[in-house]
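*Asks:* Take a look and give me a structure for this.
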Amino acid sequence: YETPEQALPVRPPEETWELCTTVNRSWDYAPQDNDYKPIERIVRIFTECVGHGGNLLLGVGPDAEGRFDPRAVEILKGLGAWIRPNAEAIYDTRRGLPDGLFNGASTLSADKRTLYLIAYDRAANYLLVKGLASKPTRVTRLDTGAELSTRGDLGVLWIDLTAAGTLNPNATVFKLEFEKPLCLK
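*Replies:* Numbers count the residues shown, from 1 in each chain. Got it, this is the predicted structure:
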């Protein structure tokens with residue numbers, strides 16, 4: 001298996017892999033290291049890693065007394081707070097869509113009947129997904145259950161976000177349910 005360090009690979013490995021990174025720049029306790037990654041970046045690293053079929057090893061160095069810097073604790077709490085309502089899109093899922101089909105990360109349920117889209121930015125009132133061979137039977141925002149409408153043809157699906165409400169500043173997950181296992185064009 002592969003274990004890239006401190007940065008997501010440009011082309012994620014096809015086989016088993018794990019990204020090894022830290023909450024700041026140091027693997028061990030370094031009181032002079034104040035370059036902590038913001039929670040938005042940690043969530044994005046985590047979801048992009050999972051969306052490409054990888055695991056994340058997130059390093060936090062305790063001091064000589066075994067205590068963690070409060071900034072590191074806040075990052076871990078923030079990641080946990082994001083995962084809690086979105087756990088369905090993380091656990092027991094597999095690698096999502098190939099690069100270029102969605103502008104964000106994605107995961108797929110084990111039975112391939114649920115696609116989870118992880119959106120980081122809201123540049124417009126819609127999400128665009130390319131390459132789907134079938135239309136979802138239901139689209140919802142995972143953390144609130146808000147139902148969303150779609151339209152599309154020729155392998156392009158537009159998801160209307162006007163009913164989605166205020167999006168999570170770290171990342172918002174959308175759940176697409178399919179009658180049969182997902183197939184791509």
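
*Asks:* what sits up against the lowest-mean-pLDDT helix or strand in the chain?
*Replies:* Every helix and strand of the chain was ranked by mean pLDDT, DSSP states H and E. The lowest is strand 150-153, at a mean of 87. Identification of contacts with strand 150-153 by Cβ atoms under 8 Å, 6 or more residues apart in numbering yields L132, K135, P136, V139, L157, W158, I159, D160. Where C-beta positions appear, they are placed from N, C-alpha and C, glycine not excepted.

*Asks:* repeat that for 10 Å
*Replies:* 126-130, 132, 135-136, 138-139, 157-160, 176 (Cβ atoms under 10 Å, 6 or more residues apart in numbering).

*Asks:* hmm, which of those residues are the buried ones?
*Replies:* Among those, those buried by neighbour count (16 or more other Cβ atoms under 10 Å) are Y126, L127, V129, K130, L132, P136, V139, L157, W158, I159, L176.

*Asks:* Closest one to T93 out of those, please.
*Replies:* Set against T93, the nearest of the buried ones among the contacts of strand 150-153 by Cβ to Cβ is L176 (12.9 Å).

*Asks:* quick one, phi/psi of the closest one?
*Replies:* Main-chain dihedrals, L176, degrees, to the nearest 10: phi -110, psi 120.

*Asks:* Helices of this protein, start to end?
*Replies:* 39-51, 70-86 (DSSP state H).

*Asks:* So which of these is the most surrounded?
*Replies:* Stretch with highest mean neighbour count among the helices of the chain: helix 39-51 (a mean of 21; mean count of other Cβ atoms under 10 Å).
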